[in-house]
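Peer 1: got a predicted model here, sequence first, then my questions.
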Amino acid sequence: MPHTIPATLIPGDGIGPEIVDATVSVLSALGAPFEWDRCIAGLEGVTKAGDPLPDATLDSIRRTRLALKGPLETPSGGGYRSSNVRLREAFKLYANLRPARTIIPGGRFDKVDLVVVRENLEGLYIGHEHYVQIDDDPHAVAMATGINTRQGCRRLLEFAFEHAIATGRRKVTVVHKANIMKALTGIFLETAQQMHAQKYRHRIAMEAVIVDACAMKLVLNPWQFDVIVTTNLFGDILSDLVAGLVGGLGMAPGANIGADAAIFEAVHGSAPDIAGKGVANPIALLLAAAMMLDHCRLGAMATTLREAIDATLNQDNVRTTDLGGTAGTAEFTRALMARVKAG
Ligand code: NAI
């Protein structure tokens with residue numbers, strides 16, 4: 001029996017508590033040895049502690065270095081800064097890992113199985129933006145600066161190559177736009193080529209693809225890809241594209257891996273339009289929990305969980321409404337728990 005693993009649990013906002021409760025129940029039915037420290041963040045942090053990322057939550061993750069997180073609401077335009085971005089910065093979560101695998105067969109994109117590794121801290125998302133006023137138009141010119149560092153490219157690319165090898169993948173595709181953004185994304189491509197030649201040439205194949213061509217190829221023939229590694233903005237867009245190939249946001253998990261911690265979450269947000277209605281699909285967070293089990297070297301439990309999700313969807317035909325079914329969160333969770341217990 002594995003020892004206890006302390007982990008921070010952030011239920012989050014909107015549908016967060018519903019899907020987190022479902023996930024924790026399933027993990028407990030699996031016998032996963034997590035010892036949860038429940039913490040608050042996002043809107044709940046603001047209402048209960050006056051801070052979207054309270055010190056107690058940061059302290060908990062500093063201690064456990066491991067978290068399962070529900071979605072956190074961020075106001076658009078004004079208001080407080082995204083707690084997700086603050087978490088990435090606080091724990092140097094430089095790699096965002098988003099696997100996309102077809103679970104429900106028979107759709108337009110059967111048997112897709114690929115992973116997007118996105119740089120999470122640099123690029124055009126660093127927030128160096130401003131307007132220049134001309135005459136009476138204060139927004140006459142908009143400017144943004146992107147920053148990619150050699151060290152940032154190196155640690156992300158190394159993570160991607162090592163992950164690809166450790167998980168038995170055959171190819172890493174480096175996605176860039178070095179023909180136009182010659183410095184900003186050229187440094188990423190150049191670092192990849194050097195690293196591959198020096199360290200990975202005999203261990204895994206690498207190819208380089210320009211981002212616009214990559215988007216087209218993903219839609220025409222996603223099966224040609226295996227592990228895609230790219231900079232922040234391109235990774236954000238392409239990982240939503242691949243989530244769309246395999247059934248949408250309700251099926252897309254994500255892991256934020258860094259030097260100081262690892263935080264697992266669904267790719268989707270707090271879905272305020274369906275919050276409290278008991279209809280949310282918990283699969284994205286459940287698949288994130290499977291990634292968390294893999295991260296903690298509990299691969300057998302992760303496999304049991306993934307197979308149970310598969311069986312619930314495809315053999316029991318229990319599906320939530322976003323997948324064309326009629327089940328609510330509770331009914332789906334009950335059916336999944338029965339599969340987990342039988343497995
Ligand atoms: P969203 O992902 O919350 O919702 C988009 C659409 O997908 C909605 O129609 C929603 O009902 C549906 N949906 C999402 N998850 C679902 C699920 N599990 N089951 C069934 N349907 C689901 O995106 P939106 O509305 O743009 O953002 C809402 C809030 O979430 C915002 O405050 C945003 O900042 C935040 N957000 C947080 C994220 C995080 O914490 N990682 C990620 C993305 C958004």
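Peer 2: Good, I have the coordinates.

Peer 1: I'd guessed Val309 sits against Pro282; true?
Peer 2: Not quite, residue 309 is Ile, not Val. No: proximity of Ile309 to Pro282 does not meet the contact threshold set by Cβ atoms under 8 Å, at 9.6 Å. Every residue, glycine included, has its C-beta placed from N, CA and C.

Peer 1: ok, these two, which is more surrounded?
Peer 2: Neighbour tally, Ile309 and Pro282, criterion other Cβ atoms under 10 Å: the higher count belongs to Pro282, 26 against 22.

Peer 1: where's that one relative to Lys69, distance?
Peer 2: According to Cβ to Cβ, to the nearest Å, Pro282 stands 14 Å off from Lys69.

Peer 1: now swap in Met251 and tell me
Peer 2: Relative to Lys69, Met251 is positioned 18 Å away (Cβ to Cβ).

Peer 1: could you do Val267 as well?
Peer 2: Val267 sits 12 Å away from Lys69, going by Cβ to Cβ.

Peer 1: before we move on, what about Gln193?
Peer 2: The span separating Gln193 from Lys69 equals 35 Å under the rule Cβ to Cβ.

Peer 1: who has more neighbours out of these two?
Peer 2: More neighbours sit around Lys69 than around the other of Gln193 and Lys69, counting by other Cβ under 10 Å; the figures are 28 against 14.

Peer 1: tell me the contacts of the more buried one?
Peer 2: In this structure, Lys69 makes contact with Leu9, Ile10, Gly12, Ala41, Leu87, Ile263, Phe264, Glu265, judged by Cβ atoms under 8 Å, 6 or more residues apart in numbering.

Peer 1: number of residues surrounding the second one?
Peer 2: Other residues within reach of Ile10, judged by other Cβ under 10 Å, total 29.

Peer 1: and the nearest residue to Asn232 once chain neighbours are set aside, its phi and psi?
Peer 2: Sequence neighbours aside, Gly123 is the residue nearest to Asn232 in space, at 3.4 Å (criterion: Cβ to Cβ, 6 or more residues apart in numbering). Torsion angles at Gly123 (phi, psi; degrees, to the nearest 10) stand at phi 70, psi -150.

Peer 1: from Gly343, how far off is the residue nearest to Thr57 when sequence neighbours are not counted?
Peer 2: In space, Thr57 comes closest to Cys39 once its chain neighbours are excluded; the distance is 4.0 Å by Cβ to Cβ, 6+ apart. Applying Cβ to Cβ, the value for Cys39 to Gly343 is 31 Å.

Peer 1: which one of the two has more residues nearby?
Peer 2: For the pair Cys39 and Gly343, the greater number of neighbours falls to Cys39 (23 against 13), based on other Cβ under 10 Å.

Peer 1: show me the contacts for the more buried one.
Peer 2: The neighbourhood of Cys39, defined by Cβ under 8 Å, 6+ apart, consists of Thr8, Leu9, Ile10, Pro54, Ala56, Thr57, Ser60, Ile61.

Peer 1: once you drop chain neighbours, what's closest to the residue of the stretch 201-343 of the chain found nearest the ligand?
Peer 2: Residue nearest to the ligand within the stretch 201-343 of the chain (Cβ to the nearest ligand atom): Gly269, separated by 2.4 Å. In space, Gly269 comes closest to Pro71 once its chain neighbours are excluded; the distance is 4.8 Å by Cβ to Cβ, 6+ apart.

Peer 1: tell me the phi and psi of the one you found?
Peer 2: The phi and psi torsions at Pro71 (degrees, to the nearest 10) take the values phi -70, psi 150.
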